[in-house]
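Novice: coordinates only, sequence not included:
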């Protein structure tokens, strides 16, 4: 029995609010249990220097937490004057994942900045960020299409992410909350497309290891959970969902 | 006639959501027109080194904006590796204002960290931060009292802030939105207590100056607006409002 | 009776040495009581990137203290690797104040850098910096005129600043020295033009508040003191004073 | 046929030089094809502040490249004043991997610093670092045992790492050199113990995705390659190999 | 004939003002031709962590230039966020030189901070800093003696410095001004004691080299010049000069 | 008798490995006793902004130590976020020395980056770096000539460096190892050309001074040692040695 009464293969409750703030081209508040992330997609009419003149676009992500998103207050990275290794790892992961399902040639010489700001954290912030960021980017692309700034929907596939893990008792579980995550023997983040292919797979056992059989179990759980996430994404996208011919 | 149809002495619509996130001792989402700020108060059981052993507490504030809180995306201060002068000015103002109405001797050797994070900006973010931060700190103090960690409510007076200005046409107006602020000849931020005393008064004319008569007019408008803010603060504080014997 | 025997409405002794160092276009050592500031104005033949091609100039200020300008030695900001919030606030104030009385269109695509370096501090360093910086900039503009690099004197008005405050005993006083400043209940910096209009007005009560009546008293004292500063500025400017048709 | 003529399941030539430099408690030069990494293990008689007094040790890793380890010279991270996201990711991975096979209780209140400095890079620098770092740490632990500073060998299992990938033509290959890595559709780093359990598994498809079947193939290749790495590690450790009762 | 009419073995005019600012224990303005440096010595009642408990003191120096000390304005090192290599070299040289003539055991657990701030530069700023810093430190030591905080004068020898060089025409010259320095083939800084021993000798030929014969000539010139500096130092120290039993 | 049994005028054993790593245009491992430095010369087809369009090249050097090059592990400068004063001093010295013997007009608009990375330190790392860097640069220039990218060998003279010192017992010694260096009364680094002219001469006595007679003795020893270094350089350069018509 899990700390919050869920079954091993059960996701937490998920809610998606679109148009959460007024300025971004795509703005989403995603809630996964007690984890809440604002995902904003901003379109800028230029690309980084190393890409200029190629007619291609770029997608990059930034990730941060409000200082009191967690149980204990964390010092702001702006006050420390540098971004932590953990933050860099996460924002590189989000950017790389999004780029794998978007045809950068179809967005022209534009950069889509995706800002994932965690306002409340209870485990799984990076996977919630990816799932929410996909919706924000889809909304922004929908807006570019509607404004006739681009000709085709650049999104090739749906993309979502979740975490899976192995408890100290050896049980494989889906979508870990913070309490589960901090005691788990193994922790794995999986990013998949709606073709059931992997984009990223990162499994770690800090003070433990995991067997090929445990790996299979975790992948199975994640695959099931991510299917549910795709349904939620489609619903929240409304008309735009139809433009994505995955 | 103002851009949003308000009278010269009219505040924008204001909403306050308390317990906005679950971790902080006091958590508030304050909405002033299209400006939205999350104000979180966190209590830490220690004080800065220079104050240790004095039996007194400390209150300090930090302020930030989400990158896309504004019409154009701003680079994160954590990515730039340093906090801008504007940010420092604002967070010093918020902290100083709060300390003026709180008896630091009554909170023991604790630091109250106040984080003001602007998620949507439309002018007046620093004054909305002060007004919302006061509520968050009052909630945190109420919690300390309820948990019997302190003996008396340390808050001496209500505190709220608003902006006033002079338009290019020479009219004095209350509570400027972004469009008004960016074209105003004079801009003034006023922080007051419910005894109608000033805590801070900062008037600036970048490409203009202002006369003593204009100063008087602006002060009158601000005084009126801040009275309304006190009513809103009291209402949102519920039972805790009664503990503040201003 | 004040610590140095002055009347409540009395400025400290003020001296201005022009051409203090040989390289700057305008170089001033201003002494206000025991506060001594070197104010250097440097003219550079370019403007910041965001202003290029507009045919307009820019004025910006930097402020620093020698490590032992104060009673206790301070760590250099260059050694700490960052500029403090206090320094940023002051240099933004100086720059903004100067820009309010100078017609940037009349200096062409030039930047005037104003460096205010406090070599001895005894309170009022930011207001002494503004008063001295005005003279340095006027000297630099005079030199541009004389060298026929510009056609008209770009200075629209005289500009000077002083501090006023309220003592713990409730008395309003003019031009606070360090000892007065550190015990004052209220501290206010006022920047005015010779048309008796305000450019900046920043009043603060860290552990106190102030009433509208006290505000009026302080403004009256400051207005009187600043008139005296204009006389001193005019005298030190000599021939150039006549070119400023305020 | 691979660019360097290897079979798909063939590792590059590997050499290990122990006692490469004289100061470190464990010093190794590992050569994997044209990739050369100096792995030094240094023992320090203290632990980070958050661990003091627990009687437990700590292992941490740092990773860097000489500026001209690569075909084009890279700017030093010390000159840039900050460590890149890539570097942080790699050093966190190395440290985490080593900690998974070492009993920190058996090294006492000591920190083992592992420095992996790439002097020549041709792909697979992070996995070569892990494989070499394990040997360096084992040597350092052997020295602690020999000097009777610890009582038991703290190493629980052998640990080694390699990369696997999928080529653009869809073939799974083992131990990618730089040319292969830069054109691969999928890239995966796998860290395993000699019990054939996973410690880390990080698979990425930046502009591609991969199927469960491809995942299985890659894991099989990696498992085979890592067995060979264990033989090389044992041989280079000599007598110390016998003390590791995995 | 030199640019300013001096003979090859002639120093520039030198003036020393003591008690230049009021706070430091030793405060000097030294003028060497058009080079002007404020040298302040501050006594602090503690030593760096690595020296605590040894009953010994420490002397350290910092060096900076006002932005417009030179013909073209330089960016402040505090704005750049880091201290240049040139500044570090100079401040290490000043500190090392002073420590060579002061018995650190005789100043107790105190740090003497020496701040050399160049307010006007015309070549030879580092050697003027050393010559002036010696006087400032001697004044501070005199004050410690007078206040009976130390028992004996800790200064073992007089210390002064000058520059010498070889012109493009091959002539050896003493005490180079900026114009000479920027065209010289060889530039050498020499720090000596009044026993005519060397403390530091740093000769450099960026686009030239120098022979042993030229080295001898330069040393002879420097030795002569430094004797004159000792006389000026003694005169400016007054009574304190008698306490230095070199 | 010296700690390692050498005569006072005897260099340590020296070995030079060329083509140490495969990527750089010139790559050298120089071993001087137990000091080992990798010296890599990289040719880049551009010059710093201030030199563009002059048809001239530039040579610059960087210096670093592996963290465990020394007996105690040092924190990486990249982790500290800044380069130490000692490192800056050394890299400025190496760059300046190399530029004195190379005709920058003959390398075209190219920058030669010289990276000196100490992998094992036992005193004399900066002089070993200079001696090794000269060989690396000569190899790189030889390659430019061979590839017909330049027309003439740009190297005007051989360049090498060594250290000399005075022991506590007053003996002058050549090529100090770490143990000698840390107890020496005087330490001097000398950089010379094969015409027996000085390029740099830096003598320092931190807690001692040195007489003109001791200076002469040290120069004599250095001159003798540097002749031997030129022979070793010529031998290691092979055919390229003949192209240098010093």
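Specialist: Received it, and whenever you're ready, just let me know what you need. Note that the coordinates shown come from a computational prediction; the quantities given were computed from them, not determined experimentally. Residues are numbered from 1 along each chain as shown, chains lettered A, B, ... in the order given.
Novice: Doesn't residue A:5 lie inside a helix?
Specialist: No: Residue A:5 is assigned coil when assessed by DSSP: H, G, I helix; E, B strand; the rest coil, not a helix.
Novice: just the helices in chain A please.
Specialist: Here chain A has its helices, by DSSP state H, at A:77-80, A:85-100, A:125-146, A:178-183, A:212-237, A:239-243.
Novice: Tabulate the ones you listed in JSON lines, adding columns for mean neighbour count.
Specialist: Using the backbone N, CA and C atoms, a C-beta is placed for each residue, glycine as well. As requested, those are exported to JSON lines (neighbours: other CB atoms under 10 Å in any protein chain shown):
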{"stretch": "helix A:77-80", "mean neighbour count": "17"}
{"stretch": "helix A:85-100", "mean neighbour count": "21"}
{"stretch": "helix A:125-146", "mean neighbour count": "26"}
{"stretch": "helix A:178-183", "mean neighbour count": "15"}
{"stretch": "helix A:212-237", "mean neighbour count": "19"}
{"stretch": "helix A:239-243", "mean neighbour count": "14"}
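Novice: Compare these and give me the one nearest chain C.
Specialist: Among these, helix A:77-80 comes nearest to chain C, with 10.7 Å by CB to the nearest CB.
Novice: and the closest one, anywhere near chain B?
Specialist: Yes: for helix A:77-80, a contact with chain B is found by CB under 8 Å from any CB of the partner chain, at A:77-80.
Novice: That helix: how far from the chain's middle?
Specialist: Put simply, helix A:77-80 sits 24 Å off its chain's centre (CA atoms, centre = their mean, to the nearest Å).
Novice: Looks like residue A:74 contacts residue A:80 (just checking).
Specialist: No: using CB atoms under 8 Å, residue A:74 is not in contact with residue A:80; the gap is 9.6 Å.
Novice: if we can go back for a sec, what about chain C: which of the residues of helix A:77-80 next to chain B touch it?
Specialist: Answer for the residues of helix A:77-80 next to chain B near chain C: none qualify (CB under 8 Å from any CB).
Novice: Take these and lay them out in JSON lines including pLDDT and distance to chain F.
Specialist: What follows is the residues of helix A:77-80 next to chain B, written out as JSON lines (pLDDT from 0 to 100; distance: CB to the nearest CB, whole Å):
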{"residue": "A:77", "pLDDT": "91", "distance to chain F": "14"}
{"residue": "A:78", "pLDDT": "87", "distance to chain F": "15"}
{"residue": "A:79", "pLDDT": "87", "distance to chain F": "15"}
{"residue": "A:80", "pLDDT": "85", "distance to chain F": "11"}
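Novice: Now those in TSV, please, with extra columns for distance to chain E.
Specialist: Converted to TSV, the residues of helix A:77-80 next to chain B look like this (distance: CB to the nearest CB, whole Å):
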residue	distance to chain E
A:77	17
A:78	14
A:79	15
A:80	14
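Novice: In a markdown table, list those along with distance to residue E:46.
Specialist: Shown next, in a markdown table, are those (distance: CB to CB, whole Å):
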| residue | distance to residue E:46 |
| --- | --- |
| A:77 | 32 |
| A:78 | 32 |
| A:79 | 27 |
| A:80 | 27 |
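Novice: Just give me the closest of the residues you listed to residue C:149.
Specialist: residue A:78 (41.7 Å; CB to CB).
Novice: which residue packs closest to the residue in chain A positioned nearest to chain E, ignoring adjacent ones?
Specialist: For chain A, the residue closest to chain E is residue A:81, as judged by CB to the nearest CB, at 9.2 Å. Nearest residue to residue A:81 in three dimensions, chain neighbours excluded: residue B:81, at 5.1 Å (CB to CB, 6 or more residues apart in numbering or on different chains).
Novice: Hmm, residue D:82 and that neighbour touching each other?
Specialist: Yes: counting by CB under 8 Å, residue B:81 touches residue D:82, with 7.4 Å between them.
Novice: where's the residue nearest the centre of chain A relative to residue A:137, distance?
Specialist: With distances taken as CA atoms, centre = their mean, residue A:130 lies nearest the centre of chain A, 0.8 Å away. Residue A:130 sits 10 Å away from residue A:137, going by CB to CB, to the nearest Å.
Novice: Now the common contact residues for those two.
Specialist: residue A:98 (CB atoms under 8 Å, 6 or more residues apart in numbering or on different chains).
Novice: burial count for the closest residue to residue A:56 other than its chain neighbours?
Specialist: Among residues not flanking residue A:56 along the chain, residue A:104 sits closest, at 4.9 Å (CB to CB, 6+ apart). Neighbourhood size, residue A:104 [other CB atoms under 10 Å in any protein chain shown]: 19.
Novice: Can you name the residues that contact whichever residue of chain A sits closest to chain C?
Specialist: Relative to chain C, the nearest point of chain A is residue A:81 (7.3 Å; CB to the nearest CB). Residues in contact with residue A:81 (CB under 8 Å, 6+ apart) are B:81-82, C:82.
Novice: Name the residues of chain A found near chain C, please.
Specialist: Residues of chain A lying near chain C (CB under 8 Å from any CB): residue A:81.
Novice: circling back: the residue nearest to residue A:56 contacts residue A:57, doesn't it?
Specialist: Yes: using CB under 8 Å, residue A:104 is in contact with residue A:57, at 4.8 Å.
Novice: so what sits against both of those two?
Specialist: Common contacts of residue A:104 and residue A:57 (CB under 8 Å, 6+ apart): residue A:154.
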